[in-house]
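Student: Structure for the following, please:
(2 chains)
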Amino acid sequence: DTAVSQTPKYLVTQMGNDKSIKCEQNLGHDTMYWYKQDSKKFLKIMFSYNNKELIINETVPNRFSPKSPDKAHLNLHINSLELGDSAVYFCASSQVTSGGSYNEQFFGPGTRLTVL
Amino acid sequence: GNSVTQMEGPVTLSEEAFLTINCTYTATGYPSLFWYVQYPGEGLQLLLKATKADDKGSNKGFEATYRKETTSFHLEKGSVQVSDSAVYFCALDTRFGGKLIFGQGTELSVKP
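Tutor: Residues are numbered from 1 along each chain as shown, chains lettered A, B, ... in the order given. Take a look at the predicted model:
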């Protein structure tokens, strides 16, 4: 059983298109995240949701819109794709402890987005 | 602000060599510290963690000690294997919304 899954694994598209990446976790976690990994492997958080509520919204162009229909799913929609959006996008999840801290994050396998 | 700095890669070692990957951090407060590993074509996996000063995290022969006085969390392994070839990321938990700050990653290549 895959704990955190993402679809698609690869996405090749033209500039200007709109695309979505889906993420699902079956760990029962209440917090989910999107990260972007650039060509130099640098990882940066984009968004996090806790129980469907947006908690972290980093400096990300508003062409990127996350949506959490329920706490097991966090999708990422990208409008008007640009060349610079080419990267690997990782979804992750974790659980808030009773003390209010966060346990370790579990990562999905990534979605490699290539914008031509 | 919060930041993590790792030694630059790639690091190339022979099998059974000793490994050290340096990691230093700046943070407000007392963050938890992590090492994640990314094998080729995969997502990140937690390798080990330490939640307070002087804690030692260990897993699969890897170790790292949370040193508050030097703000460091260096990763070590006594004898690396070819299967350890991967990219290693040091990270700190900002304690805000689960946000992790990652270092730039260090690629390790182990030759037989």
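
Student: hey, let's count contacts and neighbours off CA atoms from now on
Tutor: Will do.

Student: how much space between the nearest residue to residue A:68 once chain neighbours are set aside and chain B?
Tutor: Of all residues beyond its chain neighbours, the one nearest residue A:68 is residue A:74 (4.5 Å), with distances taken as CA to CA, 6 or more residues apart in numbering or on different chains. Distance, residue A:74 to chain B, using CA to the nearest CA, to the nearest Å: 16 Å.

Student: in the one helix or strand residue A:74 maps to, what counts as buried?
Tutor: Using DSSP states H and E, the element containing residue A:74 is strand A:73-78. For strand A:73-78, a neighbour-count test (16 or more other CA atoms under 10 Å in any protein chain shown) marks A:73, A:74, A:75, A:76, A:78 as buried.

Student: any chance of these in a markdown table, with pLDDT too?
Tutor: Listed next are the buried residues of strand A:73-78 as a markdown table, based on pLDDT from 0 to 100:
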| residue | pLDDT |
| --- | --- |
| A:73 | 95 |
| A:74 | 95 |
| A:75 | 96 |
| A:76 | 96 |
| A:78 | 96 |
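
Student: and of those residues, the nearest to chain B?
Tutor: Lowest distance from chain B to the buried residues of strand A:73-78 (CA to the nearest CA) belongs to residue A:74, with 15.6 Å.

Student: immediately after the strand or helix carrying residue A:89, which helix or strand?
Tutor: Per DSSP H and E, residue A:89 falls inside strand A:87-94. Going down the chain from strand A:87-94, the next helix or strand is strand A:106-107, by DSSP H and E.

Student: Name the strands paired with that next one and say parallel or antiparallel.
Tutor: Here strand A:106-107 has these sheet partners by DSSP bridges: strand A:87-94 (antiparallel).

Student: Alpha carbons of the partner strand, as PDB, please.
Tutor: C-alpha atoms of strand A:87-94 as PDB (Å, rounded to 0.1, in the frame of the first residue of the first chain):
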ATOM      1  CA  ALA A  87      10.500  21.100 -11.600                       C
ATOM      2  CA  VAL A  88       9.700  18.000  -9.500                       C
ATOM      3  CA  TYR A  89       6.700  18.600  -7.200                       C
ATOM      4  CA  PHE A  90       6.500  16.600  -4.000                       C
ATOM      5  CA  CYS A  91       3.500  16.100  -1.800                       C
ATOM      6  CA  ALA A  92       4.000  15.200   1.800                       C
ATOM      7  CA  SER A  93       1.900  14.500   4.900                       C
ATOM      8  CA  SER A  94       2.300  14.500   8.600                       C
END
